[in-house]
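Enquirer: Can you look at this prediction? I've put the sequence above it.
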Amino acid sequence: MDFLFDYIHVNTFWTIVLIVHGLMAVALLGALTHQAMAVLWPVRTGERADGFVARFRAVSGQRYAVAVCVLWVATFFFGAWLYTKYRIYVRIPIEQDGFFKTQGVFELKEHLVSFGLGALPAYWYLWTHAADEAYRSTRKWLTAWLAAVCWYAFLVGHIVNNVRGFGS
Amino acid sequence: MNETTQVQSLRLKVFVMVFGIAMPVLYTVGDMAALPLFTYHPGTDRLEWGWGPARKDEGPAMYWYGWIAMSTLGAAVLGGLAAALPPKLTARLPLCLLWVVPVLLIPLLVYSLKYYWRW
């Protein structure tokens, strides 16, 4: 990687990595929220899907499954890569400034996204068998669980970036 | 679908289900019992097997990667073993454990982070 630093400043490089991580998280959040809404609050047969919320719920959840898996792994990869720099240049100053609860909720985020990573093979399997009624309940609640983790991770990442992100 | 394909599909299902249930359990055990597969020292870019303390003048030690590696490998082994069992033994595996287990583990994770909950 060092050859890159002949062309761009090291801080610019890590800023780009953080932005890519954030953009993929936005895409993942959108896909999972659509899918979770579609399974938790489905549009019933005969119900008109002509409003914004109804159209938001009316998507085919199955179409999002592969994208969610790819985005989760990619977002996780970039987050794990950033984590080495975070550990030295962000976490230590956060602790020195006494933002312990901020640090705690971020550590919890790292645990929960790891749980999500472990659930992806089963999530993928359940969605590739979307026609199987035996999997419907587990598929619904596993999707809702992943969406909840994604929202938590997104919001906490935002908070930590506000505490010590760009320009700090 | 012929019989061989059916058996392979069932084995894949058992593997992914057991993997998904075991991974968060092993991860939590790894966190609370300090059992990472390896420790990474980002200040010096050094890896060491198992749990290693932060060293003086070398910056912090990171265990998160080691917990993920340990729990992923362990869950893959358990998933593989479960997939090799006769189907009648694994047919009753409750699928809801896939999301119930990680939700139930959250209080343990919160407790493991008690150092940070200072009011």
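Expert: The structure has been received and is ready for your questions.

Enquirer: C-alpha only now, for contacts and for neighbours.
Expert: OK.

Enquirer: What parts of chain A come near chain B?
Expert: Contact residues, chain A versus chain B (CA under 8 Å from any CA of the partner chain): A:84-85, A:87-88, A:100-101, A:103-104, A:107-108, A:111, A:114-115, A:118-122, A:125, A:135, A:137-138, A:141-142, A:145.

Enquirer: Kindly supply the ChimeraX command isolating those of those residues that are buried.
Expert: To isolate in ChimeraX the members of the residues of chain A next to chain B that are buried, counting by 16 or more other CA atoms under 10 Å in any protein chain shown, one can use:
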select /A:84,87,100,101,103,104,107,108,111,114,115,118,119,120,121,122,125,135,138,141,142,145
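
Enquirer: among the residues of chain A next to chain B, which are in helices?
Expert: Residues of the residues of chain A next to chain B located in helices (DSSP state H): A:84-85, A:87-88, A:100-101, A:103-104, A:107-108, A:111, A:114-115, A:118-122, A:125, A:137-138, A:141-142, A:145.

Enquirer: what helices or strands is the helix ranked longest in chain B leaning on?
Expert: Longest helix of chain B, by residue count under DSSP H: helix B:3-32. In terms of contacts (3 or more CA pairs under 8 Å, 6 or more residues apart in numbering or on different chains; DSSP states H and E), helix B:3-32 is packed against helix A:100-128, helix B:64-84, helix B:97-112.

Enquirer: can you put those in CSV and add mean pLDDT and distance to A:Trp14?
Expert: Output for the helices and strands packed on helix B:3-32, formatted as CSV (pLDDT from 0 to 100; distance: least, CA to CA, whole Å):
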stretch, mean pLDDT, distance to A:Trp14
helix A:100-128, 95, 19
helix B:64-84, 97, 20
helix B:97-112, 96, 29
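
Enquirer: what's the spacing between the residue lying closest to B:Leu113 once chain neighbours are set aside and B:Pro86?
Expert: Closest residue in space to B:Leu113, ignoring its immediate chain neighbours: A:Gly104 at 6.3 Å, by CA to CA, 6 or more residues apart in numbering or on different chains. Using CA to CA, to the nearest Å, A:Gly104 is found at 43 Å from B:Pro86.

Enquirer: what does A:Gln62 give?
Expert: Counting by CA to CA, the separation of A:Gln62 from B:Pro86 is 30 Å.
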